[in-house]
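I would like to see how this sequence folds:
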Amino acid sequence: MPGGDRNPIAEPLSTLAFAAALTSRIKLITGVLLLPLHHPIYLAKQLATVDVLSRGRLIVGIAKGWYREEYQALAIEWRTRGRRTDYAIAAMRAYGATTQPPFMAVCSTSPRSTASPNPYGPNGIPILIGGYSPAWACRAGRIGDGFFPIVDDPARLRELISLRRTTAREQGRSPDAIESTGGAPSELDPIRTLRNLGVSRVILHPPTVIPAELEGAPERIANDVVSRVWLPTGGISSLGKQR
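Predicted structure coming up:
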């Protein structure tokens, strides 16, 4: 884990709510939330709350996780995590569909009820499907708003993005309507590689996880990296100007 096994990694939604209060324009993204470890309806309320407080700036990156012991600690079955993910996405989208979401269609144990707050925008909160296997690339093409492949190998990334696009076409969806997000060090060459592979959003790794050493790092990244990179969507080129 970043910073070692004993590094105190904060809970993401509490952290993003705090970040929302201190900012006004930057997007807030989980990278990634382990969806099968959460109750989908309660999680949907948490996400909608952060989305409303941030005025629609939340993006949810999700994955299943790779650490079996996390599932054991919460008494959640490991082998059904893929199916639980599909169910959770359906329930979360039902939550944000209307003021009286049809939970009964996706959650047989939930009584018919109202849900509030609803997500800030009419289309709900974008869900990016993380992961590094063909199954998760297909899931992104089938039900994701975006794809967040967690891989460093460009050849492997190209294969997964191609599979995501193929699956989208087979499902009658526009491959171009499903964006791809990637992560990279704060260096020019890896970012350019991602751009050439069709990635439209890049999340830059911080140069350090030690708070005392982060002083001035965002400004250096903005000046040395962000200002020198252009993406067709304008996503990364505007990061340095946002608060």
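
what pLDDT does Arg68 get?
Among the per-residue scores, Arg68 holds a pLDDT of 93.

Pull up the gap between it and Leu214, please.
33 Å (CB to CB, to the nearest Å). From N, CA and C alone the C-beta is placed, and that goes for glycine too.

quick one: the strands in this structure?
Taking DSSP state E to define them, one finds strands in the chain at 28-34, 58-63, 127-131, 146-149, 179-184, 201-204.

Give the pairing partners of the longest one; include direction for each.
Okay, so that is strand 28-34. Counting by DSSP bridges, the strands paired with strand 28-34 are strand 58-63 (parallel).

residue contacts, the residue positioned nearest the centre of the chain?
Nearest residue to the geometric centre of the chain (CA atoms, centre = their mean): Gly61, 1.5 Å. Residues near Gly61 by CB atoms under 8 Å, 6 or more residues apart in numbering: Ile29, Thr30, Gly31, Val32, Leu33, Leu128, Gly130, Phe148, Thr181.

Gly82: which of those is nearest?
Distance to Gly82 across the contacts of Gly61 (CB to CB) is lowest for Gly130, with 12.8 Å.

Tell me the bridge partners for the closest one.
Beta-bridge partners, per DSSP bridges, of Gly130: Phe148.

In this structure it contacts Ile150, no?
Yes: using CB atoms under 8 Å, Gly130 is in contact with Ile150, at 5.6 Å.

Find the residues that touch each one of those two.
Common contact partners of Gly130 and Ile150 (CB under 8 Å, 6+ apart): Val32, Ala63.

Going by neighbour count, which residues of stretch 177-193 are buried?
By neighbour count on 16 or more other CB atoms under 10 Å, the buried set for stretch 177-193 is Ile178, Glu179, Ser180, Thr181, Gly182, Gly183, Ala184, Ser186, Pro190, Ile191, Arg192.

in the protein, which spans are helices?
12-22, 40-53, 68-73, 81-95, 134-143, 154-170, 188-196, 217-224 (DSSP state H).

Distance from the fourth one to the middle of the chain?
The chain centroid and the centroid of helix 81-95 are separated by 15 Å under CA atoms, centre = their mean, to the nearest Å.

Number of residues surrounding the nearest residue to Trp136 once chain neighbours are set aside?
Closest residue to Trp136 apart from its sequence neighbours, by CB to CB, 6 or more residues apart in numbering: Ile129 at 5.9 Å. Burial of Ile129 is recorded as 30 neighbouring residues (other CB atoms under 10 Å).

pretty sure Ile129 contacts Ile150?
No: if you go by CB under 8 Å, Ile129 and Ile150 don't touch, sitting 10.6 Å apart.
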